[in-house]
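Student: Kindly generate the corresponding structure for this input.
(2 chains, ligands or ions: 1)
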Amino acid sequence: MRKLALPHDVLMSVDKPARYLGNELNSVHKDLKPGMVRYVMCFPDVYDVGMCHLGLPIIYEMLNRREDIWCERLYSPWPDLDRIMRERHIPLFALESQDPVRDFDFLGITLQYEMCYTNILQVLDLAGIPLLAKDRGEDDPIVIGGGPCTYNPEPMADFFDMFYIGEAETNMYDVVDEYKAARAKGLGRREYLRRAASIPGIYVPSLYDVTYGGDGTIASFTPNCPEAPAKVKRVVEMNLTGSYYPEKPIVPFMRIIQDRVTLEIMRGCIRGCRFCQAGSVYKPQREKDLDWLMDLARRMLDETGQEEICLSSLSSSDYSQIEPLIRGLIDECNRRMVNISLPSLRIDEFSLEVMKLLTDVRSSSVTFAPEAGTQRLRDVINKGLTEEDILDGALAAFKAGWNKVKFYFMLGQPTETREDLLGLVDLCEKVAMKYYDEIPKEERQGRIQINASSSFFVPKPFTPFQWATMLHKDEYLERAYIVKDSFKNTRNSRALHYQYNDADITILEGIFARGDRRIAPAILEAYKKGQIYDAWSEYFNYDLWMETFAECGIDVDFYNVRARSLDEILPWDFIDTGVSKSFLRREWEKALRGEVSPNCREKCAGCGARVYGGGVCFEG
Amino acid sequence: MKVRFRFSKEGETCYLGHLDMMRFFQKAIRRAHIDVAYSQGFNPHQILSFASPLGLGMTSQGEYFDAELKSCGSGRELLEAINGAMTEGIRVLGVRRIPDEGKYNAMAALTACSYMVSFDESFAAEYDLCGMWQRFISRDSIPVIKKTKTQTVETDLRPLILDSGFSSGKLRLLLAAGSVESVKAVAVLSAFFESSGIPLSGEQAFKTGTVRIERLDQFTGDKDKLTSLGEVGEEI
Ligand code: SF4
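Tutor: All right, here's what the predicted structure looks like:
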């Protein structure tokens, strides 16, 4: 039997010890052989959250297929264990082998959301790895970052040896092979990093120098060695059918947030919502073959015994074979008594028909994400969803027996006015009236319930809105109050519910999303003050952050509310995502004029992603 | 038909909670393609019922759940199928068909549980545990104070310890369990330590690893005529 890293008394005193065992079904355990490369993949949040994520299992599968690599998992210890590990000097360990993380060759960390940044420092610290990349020595693992936040990795650049920009399937093996070659030649860490810098998709922050002008903006951003390219190209897997996929997903013992198998049906999105980073940085849309997906679904259900399967994509309705896929899955899953979960389906005749088969109409709701309250603002953000679509969809849902509707909105988008805020309430009310006007009393299933929720918009790199200005915290809240008050004064106020997300987190996300290298000292300082688990409201501390920015001489407004000029060098300009800056600029200008752009299937907007040579760009 | 599964839980699976085990078996039954019956409705679930929950940190040789099956082959086939879907530390030791009536339900029928308590070496070296136990168990009554939110009541533990024995440094306990009268192994240890002048609660000793507790089996029937839950019913 393996030896556990945590002694019995520790496991007995922490909440949910199953988080730290690493013995789940389908977890990969190997015998250590000389020369084996040891890789640990970290999701810097608690197990319950991190285990729901699809990206890590893809890399886990890919790396573990090779006999000379053992890839293990790592999640952030919950604060109760964090305290004990510090008190008792227990080093952070990888789950499968229970060996100290510091003994590994690579520590891969996924940056899924900005609010996990302090947790990354927690992981490094508990592992006994110097927090700053420049302080690391030959015995420390190579710390490599990946995931959506690497489209502006700069605030975290000081803490990482390298970032992998793009999809792991393409060049992850090269990263390891280059390491093996360097090790065989007796080359040190710095030499390896230089060599790795020439692998497409690899960004080694220490190989670039940044200078700033008098106005605080970036004056230059240049490589300081020949191996480092001036532009780091995002790498993209163009052939997803048959590519690496967790065919035997790990089955957690404990209850996690979403305990189910996930079937990724495509990557990328044909739509061009101007606020959406995922829609931009995963272009072009690439679909997986229907038969392959059906086969994968069967195998994953056989290997896990899971009770639910979930389709994953940015907009499932745009998968060209969505009908045969869902019908096939319904057949397969009915036989197995397996539930199907279909997020991101547009409400239409087909989706209502299948939802009726799959869910209890009386307790479930139909969901719309218009994001903005008026057609004018929906045109600005290029959300191709009209009021008519919503009213027709809602009516069809009411006729099919639904009486609960959910709405998602975003407040604080560029050009938003009071009319747009009131328009949002208006839209909800129109949907409520539709119910009472069109559904005869005797057919109604009780009162209509509308739940609207809003978050505040955060401009993201590589979107047309990357130049947008944010608002101050009190201005965000003011907008939410306008909406809230207006909801209270509607005729159907008892049927309409509204809630808004916190503005505190928005400010932090804003500065991390578009910050530069000068933010890092504040992240380090906040961590040293004890800040971790910022994504959890019970641990997030807005005042501490603001105080820390002030102490570090960082002006939050410079990053959030300053108007950026179109020719400013942005911290993330060194990344080439395939989508050109001139396209983003055109879209930004169109947005300000309230003009819409077609989706990829209607007409190619010439974003630039065609250079990848496949996907939707070459469909017709 | 109702089938009772007996399983063991060893090694690090002792840190998995009762609900984790239920989820584990629901998935294992699917992986093993066992023809289990499901409830009706939009979220059908397998018709399973588990016997008394095992405390976190304990291992066991005698855990049980009953499943409603629509069909199955021989007992051996069923055992092989389910064990093909197990993971290290968990094994199904036996299956038996049990009568349908509710009174045979694993939880409802429970009257006693047996445990094996082992002691940390240095702790065992410090005390004459065997002698101390003989003195403790020969008392006519073992009054303990139970505190609830509203009141404190005195109960006698002695009649709830149905049998016990010390051999090779390990303490075997047979304790009343189930809905009528029951006592936990750690509570017995607490009383034992207190009356023997050992400054430790059973809970502390268990959590720190000074004592390890393994459940051996669970029983049904009267005190003087106990039957293992695993011997009820017939072979398949
Ligand atoms: S190049 Fe055209 S079709 Fe391809 S992703 Fe860009 S806009 Fe869509």
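Student: can you pull the pLDDT of residue B:44?
Tutor: The model reports residue B:44 with a pLDDT of 84.
Student: from memory it sits against residue A:337, does it?
Tutor: Yes - here residue B:44 reaches residue A:337: they are 5.5 Å apart, a contact under CB atoms under 8 Å. Where C-beta positions appear, they are placed from N, C-alpha and C, glycine not excepted.
Student: got any residues that touch both of these two?
Tutor: Common neighbours of residue B:44 and residue A:337, counting by CB atoms under 8 Å, 6 or more residues apart in numbering or on different chains, are residue B:38.
Student: For the chain, list the residue farthest from the centre, please.
Tutor: Just so you know, I chose chain A. Relative to the centre of chain A, and counting by CA atoms, centre = their mean, the farthest-placed residue is residue A:442 at 44.7 Å.
Student: wait, chain B
Tutor: residue B:42 (33.4 Å).
Student: How about the contacts made by that one?
Tutor: With contacts defined as CB under 8 Å, 6+ apart, residue B:42 is in contact with A:359, A:360.
Student: May I see the domains of the chain written out as residue ranges?
Tutor: The chain I'm using is chain A. Chain A breaks down by automatic domain parsing into domains covering A:8-233, A:239-345+A:578-620.
Student: Correction: the question concerned chain B.
Tutor: Per automatic domain parsing, the structural domains of chain B span B:2-108, B:111-227.
Student: quick one, which of those is nearest to residue A:582?
Tutor: Closest approach to residue A:582 among those is made by domain B:2-108 (50.7 Å; CB to CB).
Student: which residue does chain B bring closest to the ligand?
Tutor: Residue nearest to the ligand within chain B: residue B:42 (38.7 Å; CB to the nearest ligand atom).
Student: Give me the nearest residue to residue B:117, chain neighbours excluded.
Tutor: Among residues not flanking residue B:117 along the chain, residue B:171 sits closest, at 4.2 Å (CB to CB, 6 or more residues apart in numbering or on different chains).
Student: quick one, phi psi at the one you found?
Tutor: Backbone geometry at residue B:171, expressed as degrees, to the nearest 10, gives phi -100, psi 120.
Student: Could you do residue A:69 as well?
Tutor: According to degrees, to the nearest 10, residue A:69 has phi -130, psi 140.
Student: contacting residues around the lowest-mean-pLDDT helix or strand in chain B?
Tutor: Lowest mean confidence among the helices and strands of chain B (mean pLDDT, DSSP states H and E): strand B:143-147, at a mean of 84. Applying CB under 8 Å, 6+ apart, the external contacts of strand B:143-147 come out as B:152, B:153, B:154, B:155, B:156, B:157, B:187, B:190, B:191.
Student: Note down every partner strand of the helix or strand containing the second one and its orientation.
Tutor: Under the assignment given by DSSP states H and E, the secondary-structure element containing residue B:153 is strand B:152-156. In the sheet, strand B:152-156 lines up against strand B:143-147 (antiparallel) (DSSP bridges).
Student: and residue A:587, how far is that from chain B?
Tutor: From residue A:587 over to chain B the distance is 43 Å, taken as CB to the nearest CB, to the nearest Å.
Student: and that residue, how many neighbours?
Tutor: As a burial measure, residue A:587 scores 22 neighbours (other CB atoms under 10 Å in any protein chain shown).
Student: re earlier: go through the domains of chain A and name the closest to the ligand.
Tutor: Closest among those, using CB to the nearest ligand atom: domain A:239-345+A:578-620, at 3.2 Å.
Student: mind listing what residue A:149 touches?
Tutor: Applying CB under 8 Å, 6+ apart to residue A:149 gives the contacts A:111, A:112, A:113, A:114, A:156, A:512, A:513.
Student: rerun at 7 Å
Tutor: Contacts here follow CB atoms under 7 Å, 6 or more residues apart in numbering or on different chains; on that basis residue A:149 touches A:111, A:112, A:113, A:114.
Student: ok, and the closest non-adjacent residue to the third one?
Tutor: Once its chain neighbours are removed from consideration, residue A:113 has its nearest residue in residue A:535; the separation is 6.4 Å (CB to CB, 6+ apart).
Student: Sounds good, over and out.
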